[in-house]
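**Student:** Pasting a predicted model and its sequence here:
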Amino acid sequence: MTDLVFDCVGARAERYAVTPTLTLALRIAETSGADVHAIALRCQIRIEPHRRRYTAEEAARLHDLFGDTSRWADTLKPLQLTTLAVMVPRFTGAADVDLPVPCTYDLEVAATRYFSSLDDGTVPLLLLFSGTIFVKTPYGFAVEQVPWSHESAYRLPVATWREMVDYHFPNSGWIRCDRSTLDALASYKSRNALPTWDSTLRALLAEPEVPRP
């Protein structure tokens, strides 16, 4: 039987990826001496928000995700980031594998809202592993399953996530609008001869608020 140990040892932002992408550096050690021919590896990545502290400003931005801080003992639950698959080539002893993690800057996605609400520090991640191991033996190949108990914790620097976002959306953000809302914004922009969408939103924000009845 193989004896695998998984450890996430680093992360980097991919500058030339077509879409925002983080790459996690994964180290896999096999401690029984088996000749691993390949691993069809699956990895589920979760954010564990209860494993870090937050400033008052960060807590205010996270209100729409977790509610008031007085309820965080019940509401600060793990967030699903992604599930991905990768083929690990043959190795004996240990291997280093890159896990490309596609991301988005869609602020309607809970994980993105969480990342964008943080000023500094790290994001606690938990990597959960499963999959199929192909082992070379004197009699051919054996097939084993990666135990569900295999996991690795990693603290992703917030600065790395911001670096990734800035490669694709420098000093900007992304908001999805309903088509009717976008048509109304376009009409307002045209009527007021505003040059950009940013100036359109700034003009609307500068208008005096109408008191609620």
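**Tutor:** Thanks, I have the structure now.

**Student:** Pull out the buried positions in stretch 60-72.
**Tutor:** Arg61, Leu62, Leu65, Phe66, Trp72 (16 or more other CB atoms under 10 Å). (Each C-beta comes from the backbone N, C-alpha and C, glycine too.)

**Student:** Check which helices and strands the lengthiest helix in the chain is in contact with.
**Tutor:** Under DSSP state H, the helix in the chain containing the largest number of residues is helix 179-191. Counting contacts by 3 or more CB pairs under 8 Å, 6 or more residues apart in numbering; DSSP states H and E, helix 179-191 packs against helix 197-206.

**Student:** Arg46: neighbouring residues, count only.
**Tutor:** Number of residues near Arg46 (other CB atoms under 10 Å) recorded here: 19.

**Student:** do the one 5 residues further on as well
**Tutor:** Arg51 has 15 neighbouring residues, counting by other CB under 10 Å.

**Student:** per-residue confidence for it?
**Tutor:** In this model, Arg51 is scored at 96, pLDDT.

**Student:** Mind checking which of the buried residues of stretch 60-72 are in helices?
**Tutor:** Using DSSP H, the buried residues of stretch 60-72 in helices are Arg61, Leu65, Phe66, Trp72.

**Student:** and the third one, what does it touch?
**Tutor:** Think Phe66. Pro49, Trp72, Thr75, Leu76 (CB atoms under 8 Å, 6 or more residues apart in numbering).

**Student:** Likewise for the first one?
**Tutor:** With contact taken as CB under 8 Å, 6+ apart, Arg61 is in contact with Ser116, Ser117.
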